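**Student:** 3D, please:
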Amino acid sequence: MTDFEQIYNTYFNDVYLYILRLSGNAHIAEEITSETFFKAMKSINSFRGDCGVRVWLCQIAKNCYYSYVKKNNRTERVEEEELAMLPDVSPGVEEELARRDEVERIQKVLHEIGEPYREVFMWRVYAELSFKQIAQIFGKSENWACVTYHRARKKILEGLEVNNREN
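**Tutor:** Got it, this is the predicted structure:
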């Protein structure tokens, strides 16, 4: 087994789950994960080792995902006749839609908070990185990563409260 195959086998699931949490879509997560490992394979010789391999792969994955979102940031119109033909929604689906709505609201607030809060929060929640790993990414202390994460959480909660009052 080559070194890259070992990297692939070791980190594939971590990268996939990270993108699945970001996108909420298994198909997109599969596509982005494949693209991530393709890009990593092409640039493995330029990996400097400033951070762990998992962190490096998740950074590539995040960039691939954001590029995907920008490229596909279109909405399709649904005609009224098509809406009328849709079946009634069952309670389980309604709950899932409510959960997705909440996720969208959180993501909207997340994108409204500034850096580095947004990125630290995403690394901690979506990539499940430790504060030590996050600190390595930013070249800061673990304490800085911890404080920044908790400030980000506070900003997100405040943003959700404001959105709830407005709605």
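
**Student:** can you pull out the strands in this protein?
**Tutor:** Using DSSP state E, the chain contains no strands.

**Student:** the longest helix in it is where?
**Tutor:** Secondary structure of the chain per DSSP state H: the longest helix is helix 142-166.

**Student:** how far does that helix sit from the chain's center?
**Tutor:** Put simply, helix 142-166 sits 17 Å off its chain's centre (CA atoms, centre = their mean, to the nearest Å).

**Student:** mind listing what's buried in that helix?
**Tutor:** Trp144, Ala145, Cys146, Thr148, Tyr149, Ala152, Arg153, Lys155, Ile156, Gly159 (16 or more other CB atoms under 10 Å). In this view, the C-beta of every residue, glycine as well, is placed from N, C-alpha and C.

**Student:** contacts only, for the last one.
**Tutor:** With contact taken as CB atoms under 8 Å, 6 or more residues apart in numbering, Gly159 is in contact with Val109, Glu112, Ile113.

**Student:** kindly provide the distance from the closest residue to the last one other than its chain neighbours to Ala29.
**Tutor:** Spelled out, it's Ile113. In this structure, Ile113 finds its nearest non-sequential neighbour in Lys155, 4.6 Å apart by CB to CB, 6 or more residues apart in numbering. Here the criterion is CB to CB, to the nearest Å. By it, Lys155 lies 27 Å from Ala29.
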